[in-house]
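Colleague: can't give you the sequence, but here's the structure:
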Ligand SMILES: Nc1ncnc2c1ncn2[C@@H]1O[C@H](COP(=O)(O)OP(=O)(O)OP(=O)(O)O)[C@@H](O)[C@H]1O
């Protein structure tokens, strides 16, 4: 018996984009299992399909064929309303460009996922302030994004991704806009605050400086997974 429950199960995933008669095959038969409690990195050259794969895992894109299950749920079969709710409850996102709302202060930005999930504004901002404390920004709850450094903005984005306790945290190039030290801090934070046996982290990155934080690294090329390594030393 496998003691580690499966968080993500991808089987024979194919994704084609049809752009005005020209068909691009972005994923060409991807098979991948990711366990609960695991930090999985997806690496590979530009255009190999990393963003497409995390978008399918997170239910933002539908695959052309193949099966993808997230926590035992096949998102393709959900009605769009149920899928939106499932995503809002279960997934947190962290992006390279932080994607904070510039007119909202840090606490307001962090409270957004709670408000989307029906929590009242006052309660949401109280919990957001607590989460900002956890990521070391307790003093900056009222700051606007423009008043924060890149590393601080990324910590606000992490607080926002975690505030509603999602089981999947998806990060697209979370450290590539940061200097080495801020990148290491952000990864330490993600590993310490985000990752436990109830959650799974999937991180798309080109940043070799953070490969050592991964439990496994899936290498992609030309729409395929070509290798799954347990450390940077095993990369092809
Ligand atoms: N919306 C789209 N319409 C048409 N083609 C697309 C679309 N999105 C991606 N593609 C194509 O699909 C392939 C995979 O793209 P994808 O963005 O998933 O790769 P990636 O590995 O994330 O690249 P990068 O590291 O540059 O972000 C590429 O050939 C890309 O041009």
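Modeller: Here it is on my side, so go on. From a predicted model like this one, the values you see are computed outputs, not experimental measurements.
Colleague: Burial check on the nearest residue to residue 174 once chain neighbours are set aside, number of neighbours?
Modeller: The shortest distance from residue 174 to any non-neighbouring residue, by Cβ to Cβ, 6 or more residues apart in numbering, is to residue 94 (4.9 Å). All C-beta spots, glycine's among them, are computed from the backbone N, C-alpha and C. When neighbours are defined as other Cβ atoms under 10 Å, residue 94 has 25 of them.
Colleague: For residue 94, name its beta-bridge partners.
Modeller: residue 171 (DSSP bridges).
Colleague: could you list every residue that touches the most centrally placed residue in the chain?
Modeller: The residue lying closest to the centre of the chain (Cα atoms, centre = their mean) is residue 170, at 0.7 Å. Residues counted as contacts of residue 170 (Cβ atoms under 8 Å, 6 or more residues apart in numbering) are 54, 57-58, 91-94, 201-203.
Colleague: Between these, identify the one with the most neighbours.
Modeller: Counting by other Cβ under 10 Å, top hit in these: residue 57 with 28 neighbours.
Colleague: what's the helix or strand for the nearest residue to that residue once chain neighbours are set aside?
Modeller: Leaving aside its chain neighbours, residue 57 sits nearest to residue 8 (5.7 Å; criterion: Cβ to Cβ, 6+ apart). Per DSSP states H and E: residue 8 is located in strand 6-19.
Colleague: Just the buried residues of stretch 160-173, please?
Modeller: Residues of stretch 160-173 classed as buried: 160-164, 166, 168-173 (neighbour count, 16 or more other Cβ atoms under 10 Å).
Colleague: still on that earlier bit, neighbouring strands - and their directions - for the strand holding residue 8?
Modeller: Note on strand 6-19: by DSSP bridges, its sheet partners are strand 22-35 (antiparallel), strand 65-70 (antiparallel).
Colleague: Of all those, which one is nearest residue 123?
Modeller: Smallest distance to residue 123 across the strands paired with strand 6-19 (Cβ to Cβ): 27.8 Å, for strand 65-70.
Colleague: distance of the residue nearest to the centre of the chain from residue 87?
Modeller: 10 Å (Cβ to Cβ, to the nearest Å).
Colleague: Overlap of the contact sets of the two?
Modeller: With contacts taken as Cβ under 8 Å, 6+ apart, residue 170 and residue 87 have residue 58 as neighbours in common.
Colleague: Perfect, I'm done here.
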